[in-house]
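>>> turn this into a structure:
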Amino acid sequence: MTRMLLAAMALTLSVSVAAVAQTTKPWTEWSEKEAAKILNDSPWGQTQTEKREAPPNANEAISRNGSGLKGGMASTNGESGQAVPDTVVRFRARFLSARPVRSAFARILVLRRPTTDESLVTELQGFIDRDFADYVVVTLMVEAASDGLSAPAMQVLKSASTDTFKEKVFLERKDGKRLTLADYRPPGPDGMGAKFIFTRKLDGQPFLTEASDNVKFQAELTEKMKLNLKYKVSEMMYDGKLEY
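Residues are numbered from 1 along each chain as shown. Next up is the predicted model:
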């Protein structure tokens, strides 16, 4: 199964625990908490949360399953003491073309395996070291306490094509300059989510430099489902290099 995931990664990519702490030790020594922070709350990975209506029979699902729904996210704040389902949907957008994000994905894969051999670490290091000289890749994952909550967004992502998002997904600098979408890959078996691919240069120059202020990932999945996540470019330095 692991080899299949690695093969899917390679196919797809063919076209603060403080950040300081994560650059002073190798990814093979990160804790799962450190890796998750890189993915969800860091210069390279941000999360947008949205409240949704609870799916039908949500309370029954909690009663049947104890802690409740997928991820065990439930509270007991109802007046009757009955569990109240978590109705938050989390949209996680990460710069997969940045080494720290690939390192975090690799570390979590290793940590969640019962045993790890040196050959797997070597293969993952190859994934981490992959050259993204010409492209910027942003992944998008949708997480919720139940499949019913995440289903509308996942249906959009799975059925979409490059043409679907061509005029609706951008990387935008503070000065208003944009990179338009070059390619789109729906969520696949690698577990990293949908992938939005942009060319790295604009008018023959790198889209971002160390002097850039911030960059936004903007995506209109539907009229009612719009994402706007901001990343501070000056903080996207990793091992002395701007990573995005």
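>>> drop to CA atoms for contacts and neighbour counts, all remaining ones
Fine.
>>> that's a strand at Gln218, yeah?
Yes: counting by DSSP: H, G, I helix; E, B strand; the rest coil, Gln218 is located in a strand.
>>> give me the neighbour count for it.
Neighbourhood size, Gln218 [other CA atoms under 10 Å]: 16.
>>> same check, this time on Val121
So Val121, with other CA under 10 Å, has 15 neighbours.
>>> any idea how far it is from Arg113?
Applying CA to CA, to the nearest Å, the value for Val121 to Arg113 is 12 Å.
>>> just Arg92 next, same as before
Counting by CA to CA, the separation of Arg92 from Arg113 is 23 Å.
>>> more neighbours, the two?
Arg92 (22 against 9).
>>> give me the three-state assignment for that one.
strand.
>>> and it, what pLDDT?
In this model, Arg92 is scored at 98, pLDDT.
>>> Val138 is in contact with that one, correct?
No: between Arg92 and Val138 there is no contact under CA atoms under 8 Å: 9.9 Å.
>>> in the chain, where is pLDDT below threshold?
By pLDDT under 70, the weakly predicted segments of the chain are 1-24, 54-85.
>>> right, and Arg52 touches Ser150 too?
No: here Arg52 lies out of contact with Ser150, judged by CA under 8 Å, at a distance of 9.3 Å.
>>> now the common contact residues for these two.
Val89 (CA atoms under 8 Å, 6 or more residues apart in numbering).
>>> so which of the two has more stuff around it?
Ser150 (21 against 13).
>>> look up how far Arg90 lies from that one.
Ser150 is 9 Å from Arg90, by CA to CA.
>>> between those two, what contacts are shared?
Val142, Glu143, Ala144.
>>> and the second one, what helix or strand is that in?
This means Glu143. strand 135-144 (DSSP states H and E).
>>> paired strands for that strand, with orientation please.
strand 88-95 (antiparallel), strand 194-199 (antiparallel) (DSSP bridges).
>>> quick one: name whatever helix or strand follows it.
helix 147-159.
>>> chain center to that following helix: distance?
Put simply, helix 147-159 sits 15 Å off its chain's centre (CA atoms, centre = their mean, to the nearest Å).
>>> would you mark the buried spots in it?
Residues of helix 147-159 classed as buried: Leu149, Ser150, Ala153, Met154, Leu157 (neighbour count, 16 or more other CA atoms under 10 Å).
>>> ditto for stretch 126-133
Phe127, Ile128, Arg130, Phe132.
>>> ok, and what's touching the strand holding Glu143?
With CA under 8 Å, 6+ apart, strand 135-144 has contacts from 15, 70-71, 86-97, 150, 153-154, 192-200, 244.
>>> now, which of the buried residues of stretch 126-133 lie within helices?
Mapping the buried residues of stretch 126-133 onto helices (DSSP state H) picks out Phe127, Ile128.
>>> out of the buried residues of stretch 126-133, who's nearest Thr28?
Nearest to Thr28, judged by CA to CA, of those is Ile128 at 11.7 Å.
>>> once you drop chain neighbours, what's closest to that closest one?
Arg102 (5.3 Å; CA to CA, 6 or more residues apart in numbering).
>>> dump the C-alpha coordinates for the one helix or strand that neighbour maps to into PDB.
Assigned by DSSP H and E, Arg102 falls within helix 99-111. Taking C-alpha atoms only, helix 99-111 is exported to PDB below (Å, rounded to 0.1, in the frame of the first residue of the first chain):
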ATOM      1  CA  ARG A  99      10.100  21.300   0.900                       C
ATOM      2  CA  PRO A 100       8.800  21.600   4.500                       C
ATOM      3  CA  VAL A 101       5.300  20.500   3.400                       C
ATOM      4  CA  ARG A 102       6.600  17.500   1.600                       C
ATOM      5  CA  SER A 103       8.700  16.700   4.600                       C
ATOM      6  CA  ALA A 104       5.700  16.900   6.900                       C
ATOM      7  CA  PHE A 105       3.600  14.600   4.700                       C
ATOM      8  CA  ALA A 106       6.600  12.200   4.700                       C
ATOM      9  CA  ARG A 107       7.000  12.300   8.400                       C
ATOM     10  CA  ILE A 108       3.300  11.600   9.200                       C
ATOM     11  CA  LEU A 109       3.300   8.700   6.800                       C
ATOM     12  CA  VAL A 110       6.300   7.200   8.600                       C
ATOM     13  CA  LEU A 111       4.900   7.900  12.100                       C
END
